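Participant: got a sequence here, can you build the structure:
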Amino acid sequence: MATQSNNSLRIKHTITGAVIIGITTIAFYSSTNQASSQSPIKQPLVEASLFVANQPKIQIAILLDTSSSMDGLIDQARNQIWQAVNEFSRAKRNGIKPTLEVAVYEYGNDRLKKKSGYTRKVLPLTNDLDKVSEALFSLTTNGGSEFCGMVIDTASKELNWSQSENDIKAIFIAGNEAFSQGPMHFRHAINNARSKGITVNTIHAGSYKDGAQTGWKEGAILAGGNYMNIDHNHKITHIVTPHDKRISELNVKLNQTYIPYGKQGQSGRQRQMAQDEQTNNISSGLLSERVKSKTSSVYNNENWDLVDALEKEKVELDEIQENDLPAAMKPMSKPKRKAYIKQQSEQRNKIKREIVDLSNKRDAFISEQKLLSPHKNVKTLDKALIGAIHKQGIKKSYEFK
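Facilitator: Next up is the predicted model:
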């Protein structure tokens, strides 16, 4: 397939019954224009942007117990969110890649208001994954009462859940105290969630047997979800590879291709860089996982980055006020502005191709190392998230390849 520009292409056709308008979501090889007798030169896979009518969604609400015994659980969430994102980015339904939205709640913390049932919506459903990372790093623990039914019901009612039966709508609640605590019984909360097509998955931070005896397994069965247990005190280690340094260097260049605009422009850029730094402070290996996510279609900054916003038809360039443009673009003529944005987009895709190539090599290196690890079978949060979404996605014709 010949290389295609993803800046201004408009197409309209039908794929497996879905009407596609704009740039189709594809992973493609670019090739040089050579005589038909020659084989095309393949380059690393890069995902194009999406303009899909009725594009499928994966919506996930993560409900974390932040009582005093759950520091390990929160650490796993921070350490493994990008591994889970990378897995979800592989999903397709009828050949179309879904969008990914994530919400975060905390519960069981004495700092929270009693009248709310000691629950708090940290982040509503959003496709801004930097906000998800920021939310997870903001959590702290404190002793409290863990009302599972209350937080499940709150998330079911408060969040903007999809109305489509084809979308994956999943709540993941993780904790270690009895599932039946609080003024609202979990059976009532789960019935409310199921009436909206939401699947509730329970993750007991402790032994399988203890979770089964304290309601966590019953809750999952009633909800049609997965019951899982994890070792929340297992400290996550990230394998450092020979490719991490170059991936980090490319990430700096990748960030330079973002064009902040509007009221959220500077805060979005600062958040992106802050999450790079916080992730890197944990491990260069974890940063590499995050940078891999930044090459996928689910990493979306249309609310503050002009390249993403134009490609996803969030805005029209001619409609943006000059005051909402970055300082470097204000003196430019309209044709120069368009040329500048196109240049940044092309540079971004070039950098992404190299990151994807290095990420593939890094994954191969890690796979070999994990075979030798004594901890390869330890149950952790990312395995719980990925396993449940795979199982529930297959029921709705999703593929993860």
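Participant: pull out the buried positions in stretch 251-269.
Facilitator: Using 16 or more other Cβ atoms under 10 Å as the test for burial, stretch 251-269 gives 251, 254-255, 257-262, 265, 268-269. C-beta here means a position set from N, CA and C on the backbone, and glycine is covered the same way.
Participant: tell me which helix or strand comes right after the helix or strand hosting Asp75.
Facilitator: Asp75 is part of helix 71-88, with elements assigned from DSSP states H and E. Going down the chain from helix 71-88, the next helix or strand is strand 91-93, by DSSP H and E.
Participant: what helices or strands is that following strand leaning on?
Facilitator: Under the contact criterion of 3 or more Cβ pairs under 8 Å, 6 or more residues apart in numbering; DSSP states H and E, strand 91-93 touches strand 398-400.
Participant: mind giving me the packing neighbours of the strand it packs on?
Facilitator: strand 91-93, helix 381-394.
Participant: repeat that for 6 Å
Facilitator: strand 91-93 (3 or more Cβ pairs under 6 Å, 6 or more residues apart in numbering; DSSP states H and E).
Participant: what residues does the strand it packs on touch?
Facilitator: 56, 98, 397-400 (Cβ atoms under 6 Å, 6 or more residues apart in numbering).
Participant: who wins for neighbours among the residues you listed?
Facilitator: Within the contacts of strand 91-93, Pro98 tops the neighbour count with 25 neighbours, counted by other Cβ atoms under 10 Å.
Participant: phi first, then psi, for that residue.
Facilitator: For Pro98, the backbone dihedrals (degrees, to the nearest 10) come out as phi -80, psi 160.
Participant: quick check, pLDDT for it.
Facilitator: Model confidence at Pro98, given as pLDDT, is 94.
Participant: surely it meets Gln59?
Facilitator: No. Pro98 is beyond contact range of Gln59, at 9.4 Å (criterion: Cβ atoms under 6 Å).
Participant: of the contacts of strand 91-93, the lowest pLDDT goes to which?
Facilitator: On pLDDT alone, Phe400 ranks lowest of the contacts of strand 91-93, at 91.
Participant: quick check: bridge partners of that one?
Facilitator: Ala91 (DSSP bridges).
Participant: contacting residues for it?
Facilitator: Contacts of Phe400 (Cβ under 6 Å, 6+ apart): 90-91, 390.
Participant: quick one: it from Ile81, how far?
Facilitator: 17 Å (Cβ to Cβ, to the nearest Å).
Participant: Gly143 now?
Facilitator: Gly143 is 25 Å from Ile81, by Cβ to Cβ.
Participant: the two: which has the busier surroundings?
Facilitator: Ranked by neighbour count (other Cβ under 10 Å), Gly143 and Ile81 place Ile81 first, with 26 against 11.
Participant: nearest residue to the middle of this protein?
Facilitator: Against the mean C-alpha coordinate of the chain, by Cα atoms, centre = their mean, the closest residue is Val85 at 4.1 Å.
Participant: okay, that residue: pLDDT?
Facilitator: Reading off the model, Val85 has pLDDT 94.
Participant: equivalent analysis for Ile236, please.
Facilitator: The predicted local confidence for Ile236 is 80.
Participant: please shift the residue numbers so they start at 19 in all later answers.
Facilitator: Shifting the count to begin at 19 puts that one at Ile254.
Participant: quick one: the strand or helix carrying Glu364 to helix 89-106, angle?
Facilitator: Using DSSP H and E, Glu364 sits within helix 352-389. Computed by axes from the mean of the first three to the mean of the last three Cα atoms, to 10 degrees, the angle separating helix 352-389 from helix 89-106 equals 120 degrees.
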